[in-house]
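A.B. asks: when you get a sec, could you give me coordinates for this:
(chains A and B, ligands or ions: 2)
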Amino acid sequence: MASVELRQVRKSFGSTPVVHGVDVSIADGEFVVLVGPSGCGKSTLLRMIAGLEEITSGEIRIGDRVVNDVAPKQRDIAMVFQNYALYPHMKVIDNMAFSMKLAGRSQEEIHARVDKAAKILGLTDYLDRYPRQLSGGQRQRVAMGRAIVRDPQVFLFDEPLSNLDAKLRVQMRTEIKELHQRLKTTSVYVTHDQIEAMTMADKIVVMNSGRVEQIGSPLDLYDQPANLFVAGFIGSPAMNFLPGKLVTKWGGRGVQIAPDCVLPAPANSESDGSDVVIGVRPEHFDIGASGVKAQVIVVEPTGADTQVYCRIAGHSVTAVSRERHTFRPGDTIDLNPAEGKSYLFNPASGARIA
Amino acid sequence: MAPAERREGMHYLESLPRRWVTVYIPLLVFLFVLLFPFYWMVITSFKSNAELLSNGSNPFWVIEPTLDHFRKLFYGTSYPKWMWNTIIVSVTATFVSLAASVFAAYAIERLRFKGSRQVGLAIFLAYLVPPSILFIPLAMMVFQIGIFDTRWALILTYPTFLIPFCTWLLMGYFRSIPFELEECALIDGATRWQILIKIILPLAVPGLISAGIFAFTLSWNEFLYALTFISASENKTVPVGVITELVEGDVYHWGALMAGALVGSLPVAVMYSFFVEYYVAGMTGAVKE
Ligand SMILES: Nc1ncnc2c1ncn2[C@@H]1O[C@H](COP(=O)(O)OP(=O)(O)OP(=O)(O)O)[C@@H](O)[C@H]1O
Ligand SMILES: [Mg+2]
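C.D. replies: Ligands and ions are numbered 1, 2, ... in the order given. So this is what the prediction gives:
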């Protein structure tokens, strides 16, 4: 096991910069999730840690060794690929044993380790099958098995669950999490699914077009987003953003969205009249007697909660409520952000003000 | 396309009269055109000379089959020797070319060295140079290194057209093997050489087989180089031997000619039928996981 340290890591393909100076430090045994929209450079970053891509500049350390120029096989890492990359012409057992055979381990050791990994992953009955004879979930497990038999310092996962159906994805998510709690191997996990990131991570790194937007624990990112991007990316349904001007009203601050529509804003030191964006999570809208007027467009009850799509002064807004409501599309309701649960952002820089 | 979709999409072919028009009749016409020369060859080789040359006999059937032509072929000419030469030359040239092509194709496809694209293109262009032009400079070289009229003359010149062809075919095949497999092997600790031997080659078996069959057939049937680089009767290959020794002036020994062609085509036919499945898979590419 080992820590991983990225310092000012940059990558260009030809003359196109793709990763612009990333700093991340991953503690020993931590489960870190790299998350971000498609094309933001997550896979590239992971592949640089694996040694499959060269680093244009910067430094990567695994443990206390700088690995910039170390070949992948000497980095003592294991990687699980999105499409599993199982060797199609080898049985499961040979797939899992391949790396140890290359390393010249003894037959007994190989057997012992493969058996142990197979038992952990429930693959004991499938060892003599070929990958094509397995279901998607089983292949996924073999890919993980191939990684754990090596007992590496670091596990790297590149969207390992994205080829599975929704139900299996949830199940495997839990399994990977359990596995990590059991083996405590430092893991870097790439996904573009923020739910996966929130549920699995000790620490999330949010990336956007080759830059790190914010690093923190899942709840930190949810409660204290650093900017508009993170606020909009983390959480589902996504946070509502309403542009307006700061005003002072009712002895506190407010954001004027329309001439007759002011939302209460968190305390801040910006001057009245400055442009801001107020962000409110759907689950932080109180639907009740007082607040701003909103026109209901669609109501979607899911059983546990109800999603209400409505319009405030021309802006679409989503609210989620645990209660059941009797209003219907076309009705007007009152929405109010819960006390202390709204955020202010600078519309130009995207940074959070309060 | 999944099999189920395919069935659905071609459903309109399922009614019987339609199937006759769209599938069976064209296939039968095709088969007839392809197989008729072969049939002609077979019946001619079993006809006696008298029957062959008489105007009254049925040209599409043999009345009195005879093995005379085969006897003449095997005991009256050096046919067995030609056969042996053809086998040696084809097999060796095929293996030499395959080995060279594997390295060339792998390097061009996967090592991504500077100019790999240009090299790939150049190899393809080399394939387009017609042998009828190439044989003149090749003949000079064959003379100079002193292998004229030996099997080596053919074993070393056949790769000039076999390697470009096999390389080009294998490049397409290697391209269909997912990159991740190699990257995974790299992380698993394999060297380039081990990746080639343990991952790429086993997965490329269908491609190797189809390239091999093609190379073998091309060298088996090769005529021009064999005609120019070989002069002694006992060094000839089947195609050249049959034509040069069974046509005397303007006398065609049709029966023996056809018998020679028939026996000469059997090994290739047998090989095709053995490997036909791999062959198709190899031509259509795609490694299935
Ligand atoms: N070999 C390459 N050559 C040139 N550009 C590349 C190469 N690989 C990736 N890129 C570019 O780098 C950027 C980041 O790619 P990357 O694969 O890291 O994205 P990602 O965050 O993993 O996206 P996804 O979620 O879709 O997998 C993309 O814009 C991509 O076009
Ligand atoms: Mg990716």
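
A.B. asks: quick check: A:His20 touching A:Arg211?
C.D. replies: Yes - checked against Cβ atoms under 8 Å, the pair A:His20 and A:Arg211 is within contact range at 5.4 Å. No exception for glycine: its C-beta is placed from N, CA and C like everyone else's.

A.B. asks: mind listing what's buried in stretch B:198-206?
C.D. replies: Of the residues in stretch B:198-206, those with enough neighbours to count as buried (16 or more other Cβ atoms under 10 Å in any protein chain shown) are B:198-200, B:203-204, B:206.

A.B. asks: and the gap between the closest residue to ligand 1 within the stretch 251-354 of chain A and A:Ser316?
C.D. replies: Nearest residue of the stretch 251-354 of chain A to ligand 1 (Cβ to the nearest ligand atom) works out as A:Gly350 at 19.7 Å. A:Gly350 sits 20 Å away from A:Ser316 when distances are taken as Cβ to Cβ, to the nearest Å.

A.B. asks: when those two are compared, which one has more neighbours?
C.D. replies: More crowded of A:Gly350 and A:Ser316, by other Cβ atoms under 10 Å in any protein chain shown: A:Gly350, with 16 against 11.

A.B. asks: show me the helices in the stretch 151-289 of chain B, by range?
C.D. replies: B:151-157, B:159-175, B:179-188, B:192-194, B:201-203, B:205-221, B:224-229, B:238-246, B:254-284 (DSSP state H, counting those that start in this stretch).

A.B. asks: again, but for chain A
C.D. replies: Listed in chain order, the helices of chain A (DSSP state H) span residues A:42-50, A:92-102, A:107-121, A:136-148, A:166-183, A:194-200, A:218-223, A:228-233.

A.B. asks: which among these is found nearest to ligand 1?
C.D. replies: Evaluated over the helices of chain A, closeness to ligand 1 peaks at helix A:42-50, with 3.0 Å, by Cβ to the nearest ligand atom.

A.B. asks: who touches that closest one?
C.D. replies: The set of residues that contact helix A:42-50 without belonging to it, under Cβ atoms under 8 Å, 6 or more residues apart in numbering or on different chains, is A:4, A:6, A:9, A:11, A:18-19, A:22, A:34-36, A:53-55, A:60, A:62, A:72, A:75, A:77, A:79, A:154, A:156, A:158-159, A:188, A:190-192, A:207, B:183, B:187.

A.B. asks: what does the pLDDT read for the residue of the stretch 1-150 of chain B at minimum distance from ligand 1?
C.D. replies: Using Cβ to the nearest ligand atom, the single residue of the stretch 1-150 of chain B nearest to ligand 1 is B:Arg112, 10.2 Å away. As summarised for this prediction, B:Arg112 has a pLDDT of 76.

A.B. asks: report whether stretch A:226-242 contacts ligand 1.
C.D. replies: No - Stretch A:226-242 stays clear of ligand 1 (Cβ under 6 Å from any ligand atom), getting no nearer than 12.9 Å.

A.B. asks: quick one, phi/psi of residue 134?
C.D. replies: The chain I'm using is chain A. When read as degrees, to the nearest 10, the backbone of A:Leu134 gives phi -110, psi 160.

A.B. asks: try again with chain B
C.D. replies: Reported as degrees, to the nearest 10, the phi and psi values for B:Leu134 are phi -70, psi -30.

A.B. asks: and the gap between it and B:Ile43?
C.D. replies: Computed with Cβ to Cβ, the distance linking B:Leu134 and B:Ile43 is 38 Å.

A.B. asks: can you list the residues of the stretch 101-250 of chain B near chain A?
C.D. replies: Neighbours of chain A within the stretch 101-250 of chain B, by Cβ under 8 Å from any Cβ of the partner chain: B:178, B:180-181, B:183-190, B:194, B:198-199, B:202-203.

A.B. asks: which of those residues has the most neighbours?
C.D. replies: Neighbour counts for those (other Cβ under 10 Å) peak at B:Cys184, which has 29 neighbours.

A.B. asks: so that one sits against A:Val80, correct?
C.D. replies: No - with contact defined as Cβ under 8 Å, B:Cys184 and A:Val80 do not form a contacting pair (9.1 Å).

A.B. asks: ok, back up a step: out of the residues of the stretch 101-250 of chain B next to chain A, who's nearest B:Leu169?
C.D. replies: Each of these was scored against B:Leu169 by Cβ to Cβ, and B:Leu203 proved nearest at 15.0 Å.

A.B. asks: ok, the closest one - contacts?
C.D. replies: Under the criterion of Cβ under 8 Å, 6+ apart, the contact partners of B:Leu203 comprise A:88-89, B:177, B:181, B:287.
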